[in-house]
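> no FASTA, just this:
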Ligand SMILES: [Cu+2]
């Protein structure tokens with residue numbers, strides 16, 4: 001049989017094709033053609049001599065005393081800075097729903113790992129105790145105590161829903177048994193954030209083309225910002241540089 005324009009057979013064939021295409025697009029999530037995303041990538045560097053970790057007296061707890069860790073407030077390796085949360089400024093990118101899985105911080109060798117994490121507003125936080133000793137986990141919003149919970153050796157993870165924390169907030173974690181322990185949870189309204197590891201690198205993938213303010217925040221060194229323009233399908237490079245704060249002037 002010959003199929004000619006306007007024939008019932010062609011119309012039927014076309015309807016089937018359209019239906020099949022629509023179903024295929026729905027199945028693969030390609031029904032809406034989003035513009036190809038770009039990315040924001042780069043490194044956080046340190047200017048000047050790397051600060052040396054100072055010894056920490058951990059002898060108050062025999063379990064903690066088995067391992068040595070110095071101060072970790074500013075960790076620089078080969079000129080790169082760890083523990084910097086890099087993100088698109090809150091409110092400056094498409095908002096995202098909170099993941100149903102919590103962000104995780106472990107207590108290991110009487111240290112928090114990682115020391116800085118990002119969450120999306122509404123996402124829960126899970127704190128694990130991998131140590132054969134007692135920790136308490138105190139969560140603070142600035143000076144306000146949000147919770148203070150005991151977590152003995154072998155205890156189940158503590159899960160907090162961070163209720164009431166909004167994008168832009170920071171929750172700090174502290175252990176009063178081991179006062180050198182501290183960690184930070186940074187709340188955003190979208191998923192465009194990353195925390196630097198020892199190599200200082202970060203990548204924010206899947207960023208829609210456009211202009212953005214990017215923030216780099218370190219718990220003790222503060223905030224730096226940069227303006228970037230993201231083009232479709234391309235990485236946009238940005239570099240942040242931190243340095244030791246100037247020494248206080250000597251007393252007269
Ligand atoms: Cu502790």
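Okay, I see it. All figures in this text were calculated on a predicted structure; none of them were measured in a lab.

> all contacts plus neighbour counts: C-alpha atoms, from now on.
OK.

> for the residue of the stretch 1-150 of the chain found nearest the ion, what are its contacts?
Taking Cα to the ion, the ion has its nearest neighbour within the stretch 1-150 of the chain at residue 135, 3.7 Å off. By Cα atoms under 8 Å, 6 or more residues apart in numbering, residue 135 lies in contact with 129, 150, 151, 152, 153, 175, 176, 177, 178.

> And residue 85, by the same measure?
116, 117, 118, 186, 193, 194, 195, 196, 215, 216, 217, 218.

> swap in residue 41?
Taking Cα under 8 Å, 6+ apart, we find residue 41 in contact with 201, 202, 203, 204, 235, 236, 237, 238.

> which residue packs closest to it, ignoring adjacent ones?
residue 203 (4.2 Å; Cα to Cα, 6 or more residues apart in numbering).

> same deal with residue 104?
residue 126 (4.8 Å).

> what does the helix or strand that neighbour falls within rub up against?
Assigned by DSSP states H and E, residue 126 belongs to strand 125-129. Strand 125-129 is contacted from outside by 102-108, 135, 151-162, using Cα under 8 Å, 6+ apart.

> separation between the nearest residue to residue 224 once chain neighbours are set aside and the ion?
Spatial nearest neighbour of residue 224, chain neighbours left out: residue 216 (5.2 Å); criterion: Cα to Cα, 6+ apart. According to Cα to the ion, to the nearest Å, residue 216 stands 28 Å off from the ion.

> hang on, isn't residue 216 packed against residue 227?
No - at 11.6 Å, residue 216 does not count as touching residue 227 under the criterion of Cα atoms under 8 Å.

> if you count what's nearby, which of the two comes out ahead?
Shown here are residue 216 and residue 227; by other Cα atoms under 10 Å, residue 216 has more neighbours (26 against 11).

> Could I get the average pLDDT for the host helix or strand of that one?
According to DSSP H and E, residue 216 maps onto strand 210-218. Throughout strand 210-218, pLDDT has a mean value of 98.

> Between strand 210-218 and whatever helix or strand comes next after that strand, find me the angle.
Tracing the chain C-terminally past strand 210-218 and defining elements by DSSP H and E, one meets strand 222-230 next. Interaxial angle, strand 222-230 versus strand 210-218 (axes from the mean of the first three to the mean of the last three Cα atoms, to 10 degrees): 160 degrees.

> Contacts for strand 222-230, please.
38-40, 207-217, 236, 238, 240.
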